[in-house]
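1. Sequence and predicted model, in that order:
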Amino acid sequence: MRDEAKIRQQLESRLDELRLRVSAIEAELRQPLDDDFGEQAVDREDDETLDAVELAAIAEIELIEDALTRLRGGTYGLCVSCGDEIAPKRLEALPACRLCITCAQAAEKA
């Protein structure tokens with residue numbers, strides 16, 4: 001049996017971390033560019049990297065928010081594609097996962 005309170009706490013803790021990360025990235029991206037053109041080029045490359053990290057964090061935030069919704073709705077741990085139970089070890093490793101391993105592998109091939 002799953003400890004839903006523990007799962008909720010883990011998901012909410014990770015959500016807080018990600019929101020802080022996104023806020024820090026957005027603050028960094030708002031910093032004005034250096035007057036030196038060489039430094040501007042480096043800053044722009046850094047900005048591209050930060051953009052990618054931010055997009056990944058936002059995607060994970062959406063997965064966690066969805067997992068919390070499923071937890072509240074009583075469907076956490078069920079594959080959103082086929083409805084079968086997601087393996088406990090998979091949920092332990094990826095608490096916000098939406099798909100069982102079979103559906104995840106099928107989605108990767110598609």
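-> Now that the structure is in, tell me what you want to look at.

2. In contact with E4, which residues?
-> Contacts for E4 (CB atoms under 8 Å, 6 or more residues apart in numbering) come out as 71, 76. In short, each C-beta sits where N, CA and C put it, glycine included.

3. same thing but at 10 Å, please
-> Residues in contact with E4 (CB atoms under 10 Å, 6 or more residues apart in numbering) are 71-72, 74, 76-77.

4. Let's see if you can find the most crowded of those residues.
-> Comparing these by number of neighbours (other CB atoms under 10 Å), Y76 comes first, having 22 neighbours.

5. Check the secondary structure at that one for me.
-> coil (DSSP: H, G, I helix; E, B strand; the rest coil).

6. helices and strands around the longest helix along the chain, which ones?
-> The longest helix of the chain (DSSP state H) is helix 37-73. Applying 3 or more CB pairs under 10 Å, 6 or more residues apart in numbering; DSSP states H and E, we find helix 37-73 packed against helix 4-29.

7. Pull out the buried positions in the helix it packs on.
-> Across helix 4-29, burial judged by 16 or more other CB atoms under 10 Å covers 7-8, 11, 14-15, 18, 21-22, 25.

8. Off-centre distance for the helix or strand of the chain with the lowest mean pLDDT?
-> None of the helices or strands of the chain scores lower by mean pLDDT, DSSP states H and E than helix 37-73, at a mean of 86. The chain centroid and the centroid of helix 37-73 are separated by 8 Å under CA atoms, centre = their mean, to the nearest Å.

9. That helix relative to helix 4-29, how many degrees between them?
-> Calculated by axes from the mean of the first three to the mean of the last three CA atoms, to 10 degrees, helix 37-73 forms an angle of 160 degrees with helix 4-29.

10. Give me the mean pLDDT for the very next helix or strand once past helix 37-73.
-> Sequence-wise, the next helix or strand downstream of helix 37-73 (DSSP states H and E) is helix 88-93. Helix 88-93 shows a mean pLDDT of 94.
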